[in-house]
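Participant: predicted model and sequence follow; I will ask about them next.
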Amino acid sequence: MSEKIAAAPALIERAGIEVIPESERTAKPRDLFWPWFAANVSVFGMSYGSFVLGFGISFWQATIVSIIGIVVSFLLCGLIAIAGKRGSAPTMVLSRAAFGVQGQKVPGVISWLTSIGWETFLAIMAVLATATVITQLGGDGESIALRIIAT
């Protein structure tokens, strides 16, 4: 049994922040689909869908518009991320070349605030979605204990 474990490919990343040589980069862009998909599937997507339907368009029109919007926005993110792949560093680190170390502080703070805001919004949406489901099932969705547990 221990021979099988030793022969199995490593599933845990052992590298730190050092640059990984091209010869050791085995993953393909398609290998990142599931981690990115899992990270971006959230209650925000469901609320976004209901928001689009609120414009009075049909389900299929809303679906097509939403897919186009998602593809275009992620295409832009992907194009920006190419610099990170080519430069072997995260995009925010590489942007120091354009802004300088001191100038990078403004985009860095904006990026940090965006991340904090995004996480806060997702937490709020998750709690409200949980409270709504519990209310629809006949429970007390307004309970403070429920909202604490949902957080």
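Facilitator: That came through fine.

Participant: every contact and neighbour count from this point should use C-alpha atoms.
Facilitator: Noted.

Participant: run through the protein and note the low-pLDDT ranges.
Facilitator: Within the chain, the stretches with pLDDT under 70 are 1-11, 13, 39-47, 151.

Participant: got the domain boundaries for it?
Facilitator: The chain breaks down into these domains under automatic domain parsing: 29-94, 100-151.

Participant: can you redo those as a markdown table with distance to residue 23 and mean neighbour count?
Facilitator: Formatted as a markdown table, the entries for those read as follows, by distance: least, C-alpha to C-alpha, whole Å; neighbours: other C-alpha atoms under 10 Å:
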| stretch | distance to residue 23 | mean neighbour count |
| --- | --- | --- |
| domain 29-94 | 13 | 12 |
| domain 100-151 | 31 | 14 |
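
Participant: give me every residue that touches residue 25.
Facilitator: Contacts for residue 25 (C-alpha atoms under 8 Å, 6 or more residues apart in numbering) come out as none.

Participant: quick one: it from residue 33, how far?
Facilitator: Here residue 25 is placed at a distance of 17 Å from residue 33 (C-alpha to C-alpha, to the nearest Å).

Participant: okay, the domains of the chain in JSON lines with distance to residue 19 next?
Facilitator: Compiled in JSON lines, the domains of the chain are given as follows (distance: least, C-alpha to C-alpha, whole Å):
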{"stretch": "domain 29-94", "distance to residue 19": "6"}
{"stretch": "domain 100-151", "distance to residue 19": "20"}
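
Participant: I'd like the next helix or strand past the longest helix anywhere in the chain.
Facilitator: The helix that spans the most residues within the chain, counting by DSSP state H, is helix 105-136. Helices and strands here follow DSSP states H and E; after helix 105-136, the next one along the chain is helix 144-150.

Participant: need the contact partners of that next one.
Facilitator: Taking C-alpha under 8 Å, 6+ apart as the criterion, the residues outside helix 144-150 that touch it are 126-127, 130-131, 141.

Participant: for the longest helix of the chain, the distance to its chain's centre please.
Facilitator: 12 Å (C-alpha atoms, centre = their mean, to the nearest Å).

Participant: list the helices and strands it packs on?
Facilitator: Contact partners of helix 105-136 among helices and strands, from 3 or more C-alpha pairs under 8 Å, 6 or more residues apart in numbering; DSSP states H and E: helix 43-53, helix 144-150.

Participant: looking at these, which is nearest to residue 104?
Facilitator: The stretch from these with the least distance to residue 104 (C-alpha to C-alpha) is helix 43-53; that distance is 29.6 Å.
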